[in-house]
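>>> Any chance you could fold what I've pasted below:
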Amino acid sequence: MSRFANYKSIIVVLSTIGSLAIGTPIKLSEEAISTTPSKAAGMSNCPRIVSRSEWRARSPTEEYLPMVVSPSSYVVAHHGGIPHYCYDETTCANIVRSYQDLHMDVNTWADIGYHFVIGGDGNVYEGRGWDHVGAHCPGYNGQGIGICIIGDYTSRMPNNASLEAFQSLIDCGISLGKVKPDYKLIGHRQGRDTQCPGETFYAHIKTMPHWEPNPVPLWGVSGKGVFKPGTKNLTGTQRWTGLIALGVPYKESEPSTGEKVEENDVGPSACPAIIERSEWGALQAKKKPSKLKVSSAQLVIIHHAKTESCYKQALCHTKVRKIQVDRILLMATSTRVGDGTIAEKAALNAAKKLIKCGVDSGKINKTYVLLAHKQVAQTACPGNKLFNVIKKWPGWQSNPPR
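Predicted structure coming up:
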């Protein structure tokens, strides 16, 4: 811990660095499609939902059953489990059709098993819709909405467009009365023996506010369309190999147009947008934080975070929550430093604006001293490259005050 004990310091953290055992379920007698994308499109928090007719879905071979629990009490996250990706509607629609073909022709189900599929283009593709029992996770098909993101997320995250569409679709379901406001979020692997939704995506899911570590499956419901325990997993990665060619290689997430800001572009409006704790879903503090011992901070200390970069607010919220959870559980002990990269210009600019905002509001002393974390504690943070940048900023001193 720093000898300054945070009592006279303002801490600024910059984010600097940047498999399916498919586990889809067994044949079931299923249920009639009546999702209304046009209605959803009218909701301000609903993503674009590409209708079944738009992606040229086949008709189901059997009549559907209605959801057993409505509004749905669970949302189940899946990934496609194969390394093919799509960033335009034509390619994504081809992949969604391939999923439907696999489920109907190989697994001999009545239709695609998922309620919705999300592409890297940020669109949502209608599967069974909100109102019908799915075929995606035993114990949750009649009480949970199954959402699949196209691609394999064993060792990487879905892109920002997919993640935003994922959360927006859930919010849309709440607005439409199809998903309970206090819904529980789980990964497919929590309902059966599978690696889905991929190790990296699942780690992300576990940081989200609605994640449920101890879900309760729904068994023994009469009527067709509900799985029973002990069914054999008939699916496997080998069945998906031929589908890889339908997509394109994975692309790293990019900032939206206009989000890149010049490093020295502080501008006349010094204060950056500050997301309140309630907005990013902060956990309640275990005890009331101590107040600064001075009316205006004399030190500003720059850190970096051991995370990948984020360019969209929803993803950044998740990463900040993860940082909070790690600190509370005393798990953030790694000293790995991302010296191969540097914070995005937008993040550097926001840090500068935050400091100027603090000075203008009297929260930071006008004669503040700027330091790196490594200057006041035994750590490599914030990494050599970021350290070399902040050494050029106003207020930096090579010798910390005693």
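
>>> all helices for this protein, in order.
All helices of the chain, identified by DSSP state H, fall at 37-41, 89-101, 160-175, 199-205, 277-280, 313-328, 345-360, 384-390.

>>> Is it possible to get a markdown table of these that adds mean neighbour count?
Every residue, glycine included, has its C-beta placed from N, CA and C. Putting those into a markdown table (neighbours: other C-beta atoms under 10 Å) gives the following:
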| stretch | mean neighbour count |
| --- | --- |
| helix 37-41 | 15 |
| helix 89-101 | 20 |
| helix 160-175 | 21 |
| helix 199-205 | 19 |
| helix 277-280 | 12 |
| helix 313-328 | 17 |
| helix 345-360 | 19 |
| helix 384-390 | 18 |
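
>>> I'd like to know which of these lies nearest to Pro213.
Among those, the nearest to Pro213 by C-beta to C-beta is helix 199-205 (10.9 Å).

>>> circling back to that earlier point, could the helices of the chain be laid out in a markdown table, adding distance to His115 and mean pLDDT?
Supplementary listing: the helices of the chain in a markdown table, determined by distance: least, C-beta to C-beta, whole Å; pLDDT from 0 to 100:
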| stretch | distance to His115 | mean pLDDT |
| --- | --- | --- |
| helix 37-41 | 13 | 49 |
| helix 89-101 | 12 | 93 |
| helix 160-175 | 9 | 94 |
| helix 199-205 | 17 | 92 |
| helix 277-280 | 27 | 64 |
| helix 313-328 | 20 | 61 |
| helix 345-360 | 35 | 79 |
| helix 384-390 | 43 | 82 |
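
>>> Out of those, which is closest to His373?
Proximity to His373 (C-beta to C-beta) singles out helix 384-390 among the helices of the chain, at 9.0 Å.

>>> Report all helices and strands that the closest one contacts.
For helix 384-390, the helices and strands in contact under the criterion 3 or more C-beta pairs under 8 Å, 6 or more residues apart in numbering; DSSP states H and E are strand 297-305, strand 364-372.

>>> Give me whichever of those strands is most buried.
Mean neighbours per residue, mean count of other C-beta atoms under 10 Å, is largest over these for strand 297-305, with a mean of 23.

>>> hey, C-alpha coordinates of it in CSV?
Provided in CSV are the C-alpha atoms of strand 297-305 (Å, rounded to 0.1, in the frame of the first residue of the first chain):
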residue,chain,number,x,y,z
ALA,A,297,-5.7,16.9,-3.0
GLN,A,298,-1.9,17.7,-3.2
LEU,A,299,-1.1,14.6,-5.2
VAL,A,300,-2.5,12.9,-8.3
ILE,A,301,-1.3,9.3,-8.8
ILE,A,302,-1.7,7.5,-12.1
HIS,A,303,-2.4,3.8,-12.3
HIS,A,304,-3.2,1.4,-15.1
ALA,A,305,-5.7,-1.4,-14.9
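
>>> Just the angle for it relative to helix 345-360, thanks.
Between strand 297-305 and helix 345-360, the angle comes out at 160 degrees (axes from the mean of the first three to the mean of the last three C-alpha atoms, to 10 degrees).

>>> out of the helices and strands packed on helix 384-390, which comes closest to Met67?
Nearest to Met67 among these is strand 297-305; the distance by C-beta to C-beta comes to 40.0 Å.

>>> Switch the helices and strands packed on helix 384-390 over to TSV; also include mean pLDDT.
Formatted as TSV, these follow (pLDDT from 0 to 100):
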stretch	mean pLDDT
strand 297-305	82
strand 364-372	84
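
>>> Dump those to CSV, plus distance to Lys180.
Shown next, in CSV, are the helices and strands packed on helix 384-390 (distance: least, C-beta to C-beta, whole Å):
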stretch, distance to Lys180
strand 297-305, 33
strand 364-372, 44
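
>>> For Val75, which of the ones you listed is the nearest?
Across those, Val75 has its closest neighbour in strand 297-305 (27.3 Å, C-beta to C-beta).
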